[in-house]
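[1] the following block contains a protein sequence and its predicted model.
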Amino acid sequence: MPIRLAIALGGALAATALTAAAQSAAVSGLDLDTIDRSVRPQDDLYRFANGRWLDRTEVPADRVSYGAFAELTDRAESDLHAIINEIGERPRPAGSSLQQIADLFASHMDETRIDALGLEPVRGDLARIDAIRTTSDVAGVAGYLATIAAGAPFAATVSIDAVNPGWLVVRLTQGGTLLPTRDHYLKEADLERGIRAQYAAYLARLFTLAGRRDAEGDARAVLALETMLAAAQLPPDEARGAARAARPQTLGQLRSALPGFDWQAWARPQGLDRPVQIILEQPPFFEAFAALLPKTPVETWQAWLTARFLTAVAPYLPRPFVDLRFEFFGRVMTGQEAPRARWKGGVSLASFYLGDALGRLYVERHFPARARAGVAAIVTGVVRAYRETIEEADWLSRPTRAEAVRKLSALRVKIGHPDRWRDYHGLEIRPDDLLGNILRARRFDNDFRTKRIGGPADAGEWLVAPQTVNAFYNPAVNEIVLPAAFLQPPIFTAGADDAVNYGALGAAVGHELGHGFDGPGRQYDASGRPRIWWTDADERAFGERTRALIAQFDGYRPLPGQSVNGRLTLGENVGDLTGLRVAYRAYRTALGGRPAPVIDGFTGDQRFFIGWAQAWRATIRDDYLREWLIVTPHAPPEYRANGAAANLDAFYNAFGAKPGDRMYRVPERRVRIW
């Protein structure tokens, strides 16, 4: 069965013809202005490809990191801003998507009115929290806050049921804390102790702004409560494993198993007090949470919910709240020097809450059908190359290889944008009511998602808007999503030579494909159902091959005293290595036996690897990088760029790398998985 692309290609011949046409393009797709020719690519491919950019680029004051993906985001934001400004100058029928977009943006930009309103927009919700008297009240208010995505005690999402693929369930993820990781509460190092002291000061100031009588006492109580919740949280690796093993339960089962929390009261405001399936992704956390609830004074839960709620809505309140939130969560926690420009926040709101409405206008201007077909041609080539790679993987048993090919054949790829756009009819947006707009939009989205729980998923639905700069693989439905804003230079350059497009976009597609067959991905079959379809021998062989990759990345030292965690980043590193290898194979196949032209002084293979490295250019603040290395399953960009390339023989051949070059790895140490 062929791969199911989410667009009509006009036949394989059309895709092949477009690829062949790209081969004769005079445009390489490389950014020549970033290349540092004082660096040898054999020593540092990343620095060679990006050195001049790195030397002249500082992290903007309003960011904690900056790179190719941030550049794409900036470009998309500017494009969206221009569209919104034009909408503001056109007739906008009441209730239309144009009126909603323009008025949501306008409400965000009207700082004078926001400051004049003060706390008035949140008094009703703060009173709701202050009226809590029982543990059932705590659960009820927590459920209400979940409907407006503003301070609920744990994250809830509507997603595919892995046990019954194609049907929607509720997933709850451990939470209850505002600091980024459990280590921030539990470690006794100077850094973490200092952060806790500053967090307590943030809470006290927040409570003072809100008019609470004992701000200092409330801050201490909340920090103590969150410390207990952090202790109940599973560490990242264990949390992911528990999530994969979790199974759906009914409200009745949850009430019996975890009686300390009133699940019915929590479910009622969200419309979930009906036959639905709920998955607790980390059961031990929820057991501890339910046990803690009746043991903790109600006043502490009030303060805790107040802190969570006000932190969530602070960006839409008067300036003192905005500044307070930024000073701690921006400056202290990440080293960010300045908040984002106001207009960027307005664009983000319109893009998030009216994603398809604004995205449709974005696609019309910035993602033509020709680009979509070009991306589809690369996707088809990479999938074909991955299939060939799987079939040649003699370290896998024959039945496992056959199952892997079936899974790959069932893959769905969504390119650019949905073919059916979401309608926001009925959502009230006013130009003078920012927080009201936000809360109404969140309730609107909550109702849209929760009313479908227990029913079938919509195979055509997109989980992100087309103006999103990201790409991902969803194992529950065995699909890859490639939004339009991601498919821009340097990831994809329409009409450019194939080499760079395969090195950047092709490798990204291969990376996402790899997630279907890496550690977590191989635990799902072609239908998205969790099932063990590898033999024990297959598992051992995979583990043996990845062991060297763990060691390779453990050896990278981005900061003094801190190394990359090879095990934490293994899944992404496997994806990078897989993606780069199959993309190179696909590129060579696309040449059809013809020699690649030399463009901009580089051979086709050289352009392929330079394109790969240029897609990873980035600079990161040290404060943020320290946290990144602890919690993020991605290695820093330079190690991703060099780490994968150093394992491919084609890289050595492209640049003549030999013993003594800094990137050289002896052949027997070059990791090959697929």
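    Perfect, thanks for sending it.
[2] from here on, just use CA atoms for contacts and neighbour counts.
    OK.
[3] what comes up buried for stretch 172-190?
    For stretch 172-190, the neighbour count (16 or more other CA atoms under 10 Å) marks 172-179, 181-185 as buried.
[4] that stretch: end-to-end distance?
    By CA to CA, to the nearest Å, the extent of stretch 172-190 from end to end equals 33 Å.
[5] avg pLDDT for it?
    The predicted model assigns stretch 172-190 a mean pLDDT of 94.
[6] could you do stretch 42-62 as well?
    97.
[7] again, but for stretch 260-271
    94.
[8] any idea how far it is from the chain center?
    29 Å (CA atoms, centre = their mean, to the nearest Å).
[9] give me the contact list for it.
    Stretch 260-271 has contacts (CA atoms under 8 Å, 6 or more residues apart in numbering) with 135-137, 139-144, 146-147, 251, 254-255, 273, 290-294, 446-447, 450-451.
[10] CA atoms of it as CSV?
    What follows is stretch 260-271 as a C-alpha-only set of coordinates in CSV (Å, rounded to 0.1, in the frame of the first residue of the first chain):
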residue,chain,number,x,y,z
GLY,A,260,-9.1,11.9,48.0
PHE,A,261,-9.9,13.9,44.9
ASP,A,262,-13.5,14.6,43.9
TRP,A,263,-13.2,13.5,40.2
GLN,A,264,-16.9,14.2,39.6
ALA,A,265,-16.6,17.8,40.8
TRP,A,266,-13.5,18.2,38.6
ALA,A,267,-15.2,16.7,35.5
ARG,A,268,-18.5,18.6,35.7
PRO,A,269,-17.3,22.1,34.6
GLN,A,270,-15.5,20.6,31.7
GLY,A,271,-18.5,18.6,30.4
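[11] ok so, going back, just the ones of the buried residues of stretch 172-190 in helices?
    The helices, defined by DSSP state H, take in 183, 184, 185 from the buried residues of stretch 172-190.
[12] output the residues you listed in JSON lines, with distance to residue 51 appended to each entry.
    Shown next, in JSON lines, are these (distance: CA to CA, whole Å):
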{"residue": "183", "distance to residue 51": "35"}
{"residue": "184", "distance to residue 51": "35"}
{"residue": "185", "distance to residue 51": "38"}
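[13] return the member of these nearest to residue 508.
    residue 183 (31.8 Å; CA to CA).
[14] contacting residues for the closest one?
    Residue 183 sits in contact with 192, 230, where contact means CA under 8 Å, 6+ apart.
[15] tell me how far it lies from residue 177.
    11 Å.
[16] overlap in contacts of these two?
    With contacts taken as CA under 8 Å, 6+ apart, the residues that reach both residue 183 and residue 177 are residue 230.
[17] closest to residue 240 among the ones in helices among the buried residues of stretch 172-190?
    For those, the nearest to residue 240 is residue 183 (16.8 Å; CA to CA).
[18] against residue 231, how distant is the closest one?
    Per CA to CA, residue 183 is found 9 Å from residue 231.
[19] repeat that for residue 579.
    Residue 579 is 37 Å from residue 231, where distance means CA to CA.
[20] out of those two, which sits in the busier spot?
    residue 579 (30 against 15; other CA atoms under 10 Å).
[21] let me see the contact set for that one.
    Contacts of residue 579 (CA under 8 Å, 6+ apart): 506, 507, 508, 509, 510, 511, 512, 513, 514.
[22] try it again with 6 Å
    507, 510, 511 (CA atoms under 6 Å, 6 or more residues apart in numbering).
[23] what helix or strand is the first one on?
    For residue 507, the element it lies in under DSSP states H and E is helix 507-514.
[24] what's in contact with whichever helix or strand comes after that helix?
    Using DSSP H and E, the helix or strand that directly follows helix 507-514 along the chain is helix 536-554. With CA under 6 Å, 6+ apart as the contact definition, helix 536-554 has outside contacts at 396, 564, 565, 566, 567.
[25] for burial, what's the neighbour tally of the last one?
    Counted with other CA under 10 Å, the neighbours of residue 567 add up to 17.
[26] for it, give me phi and psi.
    Phi and psi for residue 567, reported as degrees, to the nearest 10, are phi -80, psi -40.
[27] phi, psi of the nearest residue to residue 99 once chain neighbours are set aside?
    In space, and not counting its chain neighbours, residue 99 is closest to residue 92: 5.0 Å by CA to CA, 6 or more residues apart in numbering. The phi and psi values for residue 92, taken as degrees, to the nearest 10, are phi -130, psi 100.
[28] wait, doesn't residue 92 sit right on residue 101?
    No. Between residue 92 and residue 101 there is no contact under CA atoms under 6 Å: 9.7 Å.
[29] end to end, how far does stretch 468-482 reach?
    Terminal residues of stretch 468-482 lie 9 Å apart, using CA to CA.
[30] please tell me how far it is from the chain's geometric centre.
    10 Å.
[31] which residues touch that stretch?
    Contact partners of stretch 468-482, identified using CA under 6 Å, 6+ apart, comprise 162, 411, 412, 413, 414, 415, 416, 485, 486, 512, 528.
[32] what's the farthest-apart pair in those residues?
    162 and 485 (29.4 Å).
[33] so which of these two has more stuff around it?
    Taking neighbours as other CA under 10 Å, residue 162 and residue 485 compare with residue 485 leading, 28 against 24.
[34] contact partners for the more buried one?
    Going by CA under 6 Å, 6+ apart, residue 485 touches 467, 468, 469.
[35] quick check, nearest of those to residue 55?
    Residue 55 has its nearest neighbour among those in residue 469, at 24.6 Å by CA to CA.
[36] that closest one falls within a strand, correct?
    No. If the criterion is DSSP: H, G, I helix; E, B strand; the rest coil, then residue 469 is coil and not within a strand.
[37] returning to what we had before: of the contacts of stretch 468-482, the lowest pLDDT goes to which?
    residue 162 (70).
[38] phi, psi of the closest residue to residue 130 other than its chain neighbours?
    Setting aside the residues directly before and after it, residue 130 is nearest to residue 302 in space (CA to CA, 6+ apart), at 6.3 Å. Torsion angles at residue 302 (phi, psi; degrees, to the nearest 10) stand at phi -60, psi -50.
[39] what's the neighbour count on residue 561?
    For residue 561, the number of neighbouring residues by other CA under 10 Å comes to 6.
[40] my error: substitute residue 653 in the last question.
    12.
[41] helix, strand, or coil at it?
    Using three-state DSSP, the structure places residue 653 in helix.
[42] state the distance from it to residue 580.
    To residue 580, residue 653 is 15 Å away according to CA to CA.
[43] cool, residue 238 as well?
    Distance from residue 238 to residue 580, by CA to CA: 29 Å.
[44] so for the closest residue in space to residue 606 that isn't next to it in sequence, what's the pLDDT?
    In space, and not counting its chain neighbours, residue 606 is closest to residue 654: 5.5 Å by CA to CA, 6+ apart. Looking at residue 654, its pLDDT is 98.
[45] repeat for the one 10 residues further on
    At residue 664, the predicted lDDT confidence score is 98.
[46] neighbours of residue 445, how many?
    Using other CA under 10 Å as the criterion, residue 445 is surrounded by 17 other residues.
[47] pLDDT wise, what is it at?
    pLDDT, residue 445: 93.
[48] tell me the helix or strand right after the strand or helix carrying it.
    Using DSSP H and E, residue 445 sits in helix 434-450. Downstream of helix 434-450, the first helix or strand assigned by DSSP H and E is strand 472-474.
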